[in-house]
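Asks: no sequence for this one, just the structure:
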């Protein structure tokens, strides 16, 4: 299955890290075009955790959520601050090398981790998952 990456500027190292972590269960791929049009047959979207997000990334996230598709946010690099998009719209948050990544992609929204892969509390401002 393909997990499309919402982020605009994704490096080959980030794609490599995601694909190495998901093995053969999922293939992480960039968004198919430069728009917010949701790819056909999408079942889960990935948002690489950043300090800030672009307007297009926000628009893509809203388009995904409006269709009832989950967003799994993945920490690839440790950050001091995460964006509001990550804080408010992630179904789950996981570290790229953690054992919970595949379960989160499969739909386990109970997985909430910090940037180091340690258990983290669920965002209290987000009472239910999208």
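Replies: It's in. Values in this document were obtained by computation on a predicted structure and should not be read as measured data.
Asks: buried sites along stretch 12-24?
Replies: Neighbour-count burial for stretch 12-24, counted by 16 or more other C-beta atoms under 10 Å, picks out 14-15, 17-18, 21-22. Glycine gets a C-beta too; all of them are placed from N, C-alpha and C.
Asks: These in helices, which ones?
Replies: Among those, DSSP state H puts 14-15, 17-18, 21-22 in helices.
Asks: just checking, residue 85 touches residue 47?
Replies: Yes - the pair residue 85 / residue 47 is scored as a contact, 6.9 Å apart, by C-beta atoms under 8 Å.
Asks: any idea how far the helix or strand containing residue 87 is from the chain center?
Replies: Taking DSSP states H and E as the definition, residue 87 sits inside helix 84-89. Between the mean C-alpha location of helix 84-89 and the chain-wide mean there is a distance of 10 Å, by C-alpha atoms, centre = their mean, to the nearest Å.
Asks: picking that back up, which neighbours do residue 85 and residue 47 have in common?
Replies: The contact sets of residue 85 and residue 47 overlap at 53, 57, 61 (C-beta atoms under 8 Å, 6 or more residues apart in numbering).
Asks: which one among those gets closest to residue 117?
Replies: When those are compared for distance to residue 117 (C-beta to C-beta), residue 53 wins out at 21.9 Å.
Asks: Give me the buried entries from the shared contacts of residue 85 and residue 47.
Replies: Buried members of the shared contacts of residue 85 and residue 47, scored by 16+ other C-beta under 10 Å, are 53, 57, 61.
Asks: OK, contacts around residue 106?
Replies: Residue 106 makes contacts with residue 25, as judged by C-beta under 8 Å, 6+ apart.
Asks: Now do it, the pLDDT please.
Replies: Predicted confidence (pLDDT) at residue 106: the value is 94.
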